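In: take a look and give me a structure for this.
(one chain, ligands or ions: 2)
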Amino acid sequence: MTGDVLSVKGLHAYYGTSHVLQGVDLTVGHECVAILGRNGMGKTTLLRAILGLSPPKRRGTIRFDGDDVTKRPSHHVARRGLGYVPQGRRLFPSLSVHEHLVITHRQTDGHRDWTPDAVYDLFPELAERRRVSGTRLSGGEQQMLAIGRALVTNPKLLMMDEPSEGLAPVAVERVLAACTKLVDAGIAILLVEQNLRAAQMVAGRVLVMLTGQVVHQAPMAEFALDHETKKRYLGV
Ligand SMILES: Nc1ncnc2c1ncn2[C@@H]1O[C@H](COP(=O)(O)OP(=O)(O)OP(=O)(O)O)[C@@H](O)[C@H]1O
Ligand SMILES: [Mg+2]
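Out: Ligands and ions are numbered 1, 2, ... in the order given. This is a model prediction of the structure:
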């Protein structure tokens, strides 16, 4: 498999007159790419702008799976296979684990169908809790369900916004280990994180954001050893 799944060029985004994304270029192939950056740097805005969710307003070019989708509505781009796991999980209190998965499941003509049962194979913890309300799960289980809910739409690329946020280290490892399996299964991942350790578990490449711009790019192996850059942009 070759070629980029996602290609973003000259992406700007605005909340009213506030110019938050200032010309972002990025590509994601069949791999996991991490976007790292501190609070308020524009990471969530970037994912929303790629998907065309409002706010913000955006300007630039988005190509996904070979097509220019810039002028397409978000639901079309989602159907084309762009999955989104939002920051804070955004589960429904009135739906059980199983209902979250069944209601969202959307079969496609791809090789593999991510059914609710396939999600339970990936996250056996969820199978045991299938009748429980999504919001009564532990933080780790909620994140697994948020990922599962995106997986059953059979995405080609998953954009995940800070999946490690608020999780204990053991849960972070569990969730990110599953992400590695997804990449092995052919799903590209654009992973937004503040937690470098979490990103290191799965991403092969890193982009660093500072006030709405990508200011640094490197292979993860190189970035992990670049203490000066890590300190300058992430404070670690
Ligand atoms: N709905 C909104 N209306 C106006 N300004 C916003 C809105 N959402 C975010 N912003 C501003 O845009 C900037 C980027 O915010 P964004 O949420 O994209 O950052 P982030 O990198 O995801 O931060 P965090 O790590 O805290 O989630 C911030 O200055 C923020 O205050
Ligand atoms: Mg955010």
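
In: which parts of this structure are strands?
Out: 6-15, 18-28, 32-36, 57-64, 67-68, 82-85, 157-161, 188-193, 205-210, 213-219 (DSSP state E).

In: among those strands, which is nearest ligand 1?
Out: strand 6-15 (3.4 Å; CB to the nearest ligand atom). (C-beta placed from N, C-alpha, C; glycine too.)

In: quick check: residues of the chain near ligand 1?
Out: Within the chain, the positions near ligand 1 by CB under 6 Å from any ligand atom are 15, 18, 20, 37, 39-45, 55, 87, 194.

In: looking at these, which are in helices?
Out: Judged by DSSP state H, the subset of the residues of the chain next to ligand 1 located in helices is 43-45.

In: pLDDT at residue 126, what is it?
Out: pLDDT recorded at residue 126 is 97.

In: dump the ones in helices among the residues of the chain next to ligand 1 to TSV, plus neighbour count.
Out: Below are these laid out as TSV (neighbours: other CB atoms under 10 Å):
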residue	neighbour count
43	23
44	18
45	24
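
In: which one of these is nearest residue 149?
Out: Among these, residue 44 lies closest to residue 149 (CB to CB), at 18.1 Å.

In: quick one: the residue of the chain found nearest ligand 2 from residue 193, how far?
Out: Closest to ligand 2 within the chain is residue 44: 3.2 Å, counting by CB to the ion. Residue 44 is 12 Å from residue 193, where distance means CB to CB, to the nearest Å.

In: I figured the residue of the chain closest to ligand 2 hits residue 209, correct?
Out: No - if you go by CB atoms under 8 Å, residue 44 and residue 209 don't touch, sitting 10.6 Å apart.

In: correct me, but residue 120 touches residue 144?
Out: No - taking contacts as CB under 8 Å, residue 120 lies outside contact range of residue 144: 10.1 Å.

In: need the residues touching each of the two.
Out: residue 126 (CB atoms under 8 Å, 6 or more residues apart in numbering).

In: which of the residues of the chain next to ligand 1 are buried? Put it as a PyMOL command.
Out: To isolate the buried subset of those in PyMOL, counting by 16 or more other CB atoms under 10 Å, use the following:
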select buried, resi 20+37+41+42+43+44+45+87+194
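
In: returning to that earlier point: would you turn the strands of the chain into TSV with distance to residue 177 and mean pLDDT?
Out: Shown next, in TSV, are those (distance: least, CB to CB, whole Å; pLDDT from 0 to 100):
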stretch	distance to residue 177	mean pLDDT
strand 6-15	23	98
strand 18-28	20	98
strand 32-36	12	98
strand 57-64	27	98
strand 67-68	32	96
strand 82-85	16	97
strand 157-161	14	98
strand 188-193	13	98
strand 205-210	19	98
strand 213-219	21	98
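
In: export the ones you listed to CSV and append columns for distance to residue 226.
Out: As requested, the strands of the chain are exported to CSV (distance: least, CB to CB, whole Å):
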stretch, distance to residue 226
strand 6-15, 24
strand 18-28, 19
strand 32-36, 12
strand 57-64, 28
strand 67-68, 35
strand 82-85, 28
strand 157-161, 24
strand 188-193, 17
strand 205-210, 10
strand 213-219, 7
